[in-house]
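Enquirer: Model the structure of this input:
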Amino acid sequence: MKRTLIPVIIVLGLAILLIVDLTTKTGIECRVCVTFEGRQKCAIARAEEKMAAETEAQSSACSLLTSGVSQAVKCPRVQPDTVVCK
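Expert: Okay, here's the model as predicted:
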């Protein structure tokens, strides 16, 4: 009984910490859409500063669009199609 109870308590505790962390995040959330080599993807990121949120969202969108180092370097330099922050 003890052997199964302790891991369950640990997992529940970690789940509660994760939920609290995700629901209490403050800052700015940005949704960025990028078209790269004919394909478009959008991503959302949150950060304390607007520029950081935009950069992270574009990086996330680019990671879905690129394969290889040269594309991964080029994509973040592309002007985003849309940037919406709140």
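Enquirer: residues making contact with the biggest helix by length in the chain?
Expert: Ranked by residue count under DSSP state H, the longest helix found in the chain is helix 2-23. Applying Cβ atoms under 8 Å, 6 or more residues apart in numbering, helix 2-23 turns out to have no external contacts. All C-beta atoms are positioned from the backbone trio N, CA, C, and that covers glycine.
Enquirer: Mind doing that once more with 10 Å?
Expert: Here helix 2-23 makes contact (Cβ atoms under 10 Å, 6 or more residues apart in numbering) with residue 46.
Enquirer: Go through the next helix or strand after it and flag the buried ones.
Expert: Scanning forward in sequence from helix 2-23 by DSSP states H and E, the next helix or strand is strand 28-36. Within strand 28-36, the residues scored as buried using 16 or more other Cβ atoms under 10 Å are 28, 30-34, 36.
Enquirer: Just checking: what are the partner strands of strand 28-36?
Expert: Using DSSP bridges, the strands paired with strand 28-36 in its sheet are strand 39-47 (antiparallel), strand 82-85 (antiparallel).
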